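In: Turn this into a structure:
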Amino acid sequence: MIRTVIIDDEYRNISILKAVVSKFCPELQVIADARDAREGFEIISLHKPDLLFLDIEMPYGNAFDLLDKLMPIDFEVIFVTAFNEYALKAFRYSAIDYLLKPVSIVELKKSVERAVKRINDREANDNLKNLMHNFRAQTDIGKKIAIPNKEGMVFIPVADIIRCEASGSYTNLFLKGVGKVVSSKSIKEYEDLLPTALFFRVHHSHIINMGEIKKYHRGRGGEVEMTDGVKIDVAVRRKDEFLARLE
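Out: Numbering: from 1, shown residues only. So this is what the prediction gives:
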């Protein structure tokens, strides 16, 4: 089902559109509605719809003020209004569909069909991106990297790296079953070298293997406990991105 929100400053218009959508557009599920831009912003932020039917003139700002606050837009928009002078501006906001009141059932169905196709195409592209990301991650796990040291080079599997710790211009790599290996490369070089699907720089001095996290302890930035028992602070500025990676 396509999660749908309706925003119109007249309750009667919302009721009519709900009834028409329910009868003629069964692929849509109206999950919420709002009667002004302020309430609309809260509802869209909360429910994250796939499709928005949006009136243009409303209290607390018009439709374009609302869309500006919501940028970047990750849902489809169908403008529904009695004012055809807004059409050109609507298209500048990449609104493919623009319906005039009273809404024609034929035009509504065509607009919904186009919106649903765009939503499905976007989901297909997202699924393909996720598939490629997972494929690259699996490929990266089997790779080996060369660690330069005083004697020459040591070749180790990427997946064996638990964490990296900066030591001046050198880097200490802590490996499964091996312990510490000292490399003459800087931690910034390892940040660029190691696959981002597996590793994350939680602190200016530490890169960790996300698959080797044992626990996360909450705090201002928080603290991770690795499988080798070492606890590492998460920098406050990296916390949000780090927690998003854990989800």
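In: For the closest residue to Glu42 other than its chain neighbours, list each beta-bridge partner.
Out: Of all residues not flanking Glu42 in the chain, Ala34 sits nearest, at 7.7 Å (C-beta to C-beta, 6 or more residues apart in numbering). For the C-beta atoms, the positions are set from N, CA and C on the backbone; glycine is no exception. Taking DSSP bridges as the rule, Ala34 bridges to Ile7.
In: Can you check the pLDDT for Ala34?
Out: Ala34 is assigned 95 on the pLDDT scale.
In: And Ala95, by the same measure?
Out: The model's pLDDT for Ala95 equals 49.
In: swap in Lys215?
Out: 93.
In: ok, so what distance separates it from Met226?
Out: Look at Lys215 and Met226: by C-beta to C-beta, to the nearest Å, they are 9 Å apart.
In: Tell me which of those two has more neighbours.
Out: Met226 (18 against 10; other C-beta atoms under 10 Å).
In: contacting residues around that one?
Out: 162-163, 208, 212-214, 232 (C-beta atoms under 8 Å, 6 or more residues apart in numbering).
In: Going through those residues, which ones are buried?
Out: By neighbour count, with 16 or more other C-beta atoms under 10 Å, the contacts of Met226 hold 162-163, 208, 212-213, 232 as buried.
In: Of these, which belong to strands?
Out: 162-163, 208, 213, 232 (DSSP state E).
In: how deep is Glu113 tucked in, by neighbour count?
Out: Glu113: 13 neighbours (other C-beta under 10 Å).
In: What of Leu28?
Out: 20.
In: What separation is there between it and Val236?
Out: Leu28 sits 42 Å away from Val236, taking C-beta to C-beta as the criterion.
In: Domain-wise, how is this structure divided?
Out: Residue ranges for the domains of the chain, per automatic domain parsing: 2-136, 143-246.
In: if you average pLDDT over each of the ones you listed, which comes out lowest?
Out: Among the domains of the chain, domain 2-136 scores lowest, at a mean of 83.
In: tell me which residues in the strand or helix carrying Glu225 are buried?
Out: Here Glu225, judged by DSSP states H and E, is contained in strand 223-226. Across strand 223-226, burial judged by 16+ other C-beta under 10 Å covers 224, 226.
In: Can you give the strand pairings for that strand, parallel or anti for each?
Out: When DSSP bridges is applied, strand 223-226 pairs with strand 213-217 (antiparallel), strand 231-233 (antiparallel).
In: now that strand, how far from the centre of its chain.
Out: 25 Å (C-alpha atoms, centre = their mean, to the nearest Å).
In: So the spatially most central residue of the chain: helix, strand or coil?
Out: Within the chain, one residue has its C-alpha closest to the average C-alpha position: by C-alpha atoms, centre = their mean, that is Ala244, at 9.0 Å. What DSSP: H, G, I helix; E, B strand; the rest coil gives for Ala244 is helix.
In: Quick check: the gap between it and Phe199.
Out: For Ala244 relative to Phe199 (C-beta to C-beta), the value is 15 Å.
In: ok, now Leu100?
Out: Counting by C-beta to C-beta, the gap from Leu100 to Phe199 is 54 Å.
In: Pick out whichever of these two has more residues nearby.
Out: Taking neighbours as other C-beta under 10 Å, Leu100 and Phe199 compare with Phe199 leading, 22 against 14.
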